[in-house]
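Colleague: coords please:
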Amino acid sequence: MSLLQRLEMRQGQALVMTPQLLQAIKLLQLSQIDLATYVDAELERNPLLERVEGEPDGDRANAEAAPEASGDGDGEFDSAEPDNWMSTELTVSSAEMESVLDTRLDNVFSDDNPSHAREAASGDMLTLTPAPYGNSGGSFDGEAPDFEATLTSEVSLREHLSAQLDLATRDPGDRLIAGFLIDAVDDAGYMRESIDEVAERLGASLDSVARVLKLIQTFDPPGIGARDLAECLSLQLRERDRFDPAMQALVSRLDLVAKRDFPSLRRLCGVDDEDLVDMLAELRRLDPKPGRAFGSRAVEVLIPDVFVRAASDGSWLVELNAEALPRVLVNQSYYARVSRGAAAEGDKAFLSECLQTANWLTRSLEQRARTILKVASEIVRQQDAFFVNGVAHLRPLNLKTVAEAIGMHESTVSRVTSNKSIGTSRGTLEMKYFFTAAIPGAAGTASHSSEAVRHRIKQLVDGEATGDVLSDDALVQKLRDEGIDIARRTVAKYRESLRIPSSIERRREHFAYAR
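Modeller: Residues are numbered from 1 along each chain as shown. Purely as a prediction, here's the structure:
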């Protein structure tokens, strides 16, 4: 056998992931926030990209109509002198001022500035020199006042506690420990660091840290600085002077409260059924997260990517949310002007790369928008009964069904539906919400959506009578009577996902309220 070297040419097909294709795939699965961050980075890096800033129609109309304003009417400025309103001196007739103010000028300026009254009495024209902006909340350099600086901001939990600390103690050591402890309080109002770690880190005694922590726990809101739920509730009960031995025993066994083990709670607290019901009601009125009223993080509203609304003919209109789409354009005129002056090969290569990247970005954004709209339209078509009748009529749906209907791959549909939402008349829902597993129907009937079955279980539990609590077996039988073939373990799983207690716990609760 001999080894030979030779050249061969072969023709074949292969899928190559170009950088442009990778970029399109990446943009397709990004959420609104991630997409905005990515586009902002490209705008900073690429000089040929520019953001399209929309101008409201009302502002554009006002801007176009402003030069046509005339000063023929009384009290109007002449449009031939557009800068009069920016002048530092305003010259008007004293008679006109008195007619507008409906009083004499010496009554107006007698207390504020006597010199103005003398000028008004000595002549027919009055010159008013406004005070500097700095005297009215603005700057001293002639700029307009910053009205945003006068707006109030929401007080954070740390600021609220620090303000109380200034009135509680003046001891420097205690204030240092208290400041560290306040920083360790989370948004819910709980102390997340142990006093042993704080004492070791600050080099203070354990008694000093514990004493300062008790001081912070007296601050508003009640329950702040607690290390667990039991301590939080205890602090609030002490504030209301309701922390008696029976309530203390109840708070010490919150695990029994969660299990609704009322017989054990009655024996532990030494009270009858009526007193136990009152104690539990008072416990529910307490705030388990006292710091949430001073949340330091702004609540992020879920902005839908697509809107769905009913049309006059009974169909559904699906449209993209224009406010959620980044609008960028390629500045071709700037590229032509700069490329003519570029002499070095490196500059030309840089401009060419920037132009290619900018074109691919705009095309990828357009393709992303079209794909999202296409997938959302098919979802609305598949789940038409949901938009008309609600959750009970949600159909089983998977990615393969949508992909085959629109002629795309399942992975593409999966990327489109990730981190995307649809705004409907029933609320803003994630696209993944409409993809549910199928529960087979009994006796060969049509399958049911798992979300619809979960909703039906909640309806059955909410409608059960006080003396007729439905067990999991009873729920299975009722669902099978309605044509839903479901196992008992599936009912238990759905019930637990809805945070519905077991039939034993619900029966205890109904019995306690009935007493």
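
Colleague: quick one: contacts for residue 418?
Modeller: Shown here is residue 418, whose contacts under the criterion Cβ atoms under 8 Å, 6 or more residues apart in numbering are 29, 31, 432. The C-beta positions use only the backbone N, C-alpha and C, and glycine is treated the same way.

Colleague: go again using 7 Å as the cut-off
Modeller: With Cβ atoms under 7 Å, 6 or more residues apart in numbering as the criterion, the residues that contact residue 418 are residue 29.

Colleague: that one and residue 174, how far apart?
Modeller: In this structure, residue 418 and residue 174 are 51 Å apart, going by Cβ to Cβ, to the nearest Å.

Colleague: just for the stretch 351-500 of the chain, where's the confidence low?
Modeller: Flagging of the stretch 351-500 of the chain using pLDDT under 70 yields the residue ranges 443-444, 466.

Colleague: mind listing the strands for it?
Modeller: Secondary structure of the stretch 351-500 of the chain (DSSP state E, counting those that start in this stretch): strands at 421-424, 427-430, 438-439, 448-449.

Colleague: which one of those is the most hemmed in?
Modeller: Comparing these by mean neighbour count (mean count of other Cβ atoms under 10 Å), strand 448-449 ranks first with a mean of 25.

Colleague: name the residues that touch that one?
Modeller: Under the criterion Cβ under 7 Å, 6+ apart, residues 394, 395, 396, 436, 439, 441, 484 lie in contact with strand 448-449.

Colleague: contact partners for the third one?
Modeller: In this structure, residue 396 makes contact with 436, 437, 438, 447, 449, judged by Cβ under 7 Å, 6+ apart.

Colleague: at 10 Å instead, please
Modeller: Shown here is residue 396, whose contacts under the criterion Cβ atoms under 10 Å, 6 or more residues apart in numbering are 382, 435-440, 446-452.

Colleague: got it, and the fifth one?
Modeller: Contact criterion Cβ under 10 Å, 6+ apart gives 396, 447-454, 479, 484-487, 490, 494 as the residues in contact with residue 439.

Colleague: so what's it closest to, chain neighbours aside?
Modeller: Counting by Cβ to Cβ, 6 or more residues apart in numbering, residue 448 is the residue found nearest to residue 439 once chain neighbours are left out, at 4.6 Å.

Colleague: distance check, the one you found against residue 155.
Modeller: Using Cβ to Cβ, residue 448 is found at 50 Å from residue 155.

Colleague: can you pull the contacts of residue 214?
Modeller: Going by Cβ under 10 Å, 6+ apart, residue 214 touches 225, 235.

Colleague: repeat that for 6 Å
Modeller: Residue 214 is in contact with no residue at all, counting by Cβ atoms under 6 Å, 6 or more residues apart in numbering.

Colleague: C-alpha coordinates for the strand or helix carrying it, CSV please?
Modeller: Here residue 214 sits within helix 206-216, counting by DSSP states H and E. In CSV, the C-alpha atoms belonging to helix 206-216 read as follows (Å, rounded to 0.1, in the frame of the first residue of the first chain):
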residue,chain,number,x,y,z
LEU,A,206,-22.4,41.8,71.7
ASP,A,207,-24.4,43.5,74.4
SER,A,208,-24.0,46.9,72.7
VAL,A,209,-25.1,45.6,69.3
ALA,A,210,-28.1,43.8,70.9
ARG,A,211,-29.1,47.0,72.8
VAL,A,212,-28.9,49.2,69.6
LEU,A,213,-30.9,46.6,67.7
LYS,A,214,-33.7,46.8,70.3
LEU,A,215,-33.6,50.5,69.9
ILE,A,216,-34.1,50.2,66.1
